[in-house]
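> With the input below, show me the fold.
(one chain, ligands or ions: 1)
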Amino acid sequence: MALLFKDPNKISAYRDRRFPGTQEEYENALQTSTTVYIGNMSFYTTEEQLYELFSRAGEIKKIVMGLDKNTKTPCGFCFVMYYSREDTEDAVKYISGTILDDRPIRVDFDWGFQDGRQWGRGRSGGQVRDEYRTDYDPDILLCGYGKLVQQE
Ligand code: GTA
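From the prediction side, this is the model:
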């Protein structure tokens, strides 16, 4: 199983620009960490639903909901922390793409949760990607399109 994710270039397409280390350290963290990032979540999905789904891959240490930094309400992502690396890999392998609250969620390896990472980094408080969204998304408040797009 671990061999599947041996190549760090294939392990995650995402690069956290706020990671406080070198590229090599980042890649090493992705290979060893027991944290996954969940994206494309509904704003209405609860921690209880996440516990139920993600415990199928193994025992969960902690879940941290991603929050809009202004409203302090869920904004479509979270971090799930496991005890074991094998369970972490199983979550990426088997749970990514699962439909949760009508949305295919994305499970990605993560370098590790640190306080502050739970906040959306977008200028309006939520996730960056939601500011650039051009497709209709019923979960995005206001009229369903990205906040920056609406201003154009
Ligand atoms: N492990 O894929 C991920 C991931 N994402 C998307 C966010 N986080 C992730 N972690 C993992 N994998 O702690 C983490 C962040 C942070 C928290 C909130 O979630 O490390 P954020 O989404 O608000 O801000 O993060 P982030 O990640 O710093 O924004 P970034 O990298 O600029 O952009 C995220 C996505 O937005 C891009 O992949 C792209 O899909 C979209 N996007 C960004 N800029 C544009 C643009 N100009 N036009 C169109 N789309 C854009």
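
> Near the ligand, which residues of the chain are found?
14, 16, 37, 39, 66, 77, 108, 110, 117, 120-122, 127-129, 132 (C-beta under 6 Å from any ligand atom). From N, CA and C alone the C-beta is placed, and that goes for glycine too.

> Selection in PyMOL covering whichever of those are buried, please.
Of the residues of the chain next to the ligand, the buried ones can be selected in PyMOL as follows, counting by 16 or more other C-beta atoms under 10 Å:
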select buried, resi 16+37+39+66+77+108+110+117+120+122+127
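
> which ones among the residues of the chain next to the ligand are found in helices?
Members of these lying in helices (criterion: DSSP state H): Val128, Arg129.

> now the helices: where do they sit in the protein?
8-11, 23-32, 47-54, 85-90, 128-131, 147-151.

> Now do the strands in the chain.
In the chain, the strands defined using DSSP state E lie at 35-39, 60-67, 74-82, 99-100, 103-104, 106-109.

> Would you format these as a markdown table with mean pLDDT included?
Formatted as a markdown table, these follow (pLDDT from 0 to 100):
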| stretch | mean pLDDT |
| --- | --- |
| strand 35-39 | 98 |
| strand 60-67 | 98 |
| strand 74-82 | 98 |
| strand 99-100 | 98 |
| strand 103-104 | 98 |
| strand 106-109 | 98 |
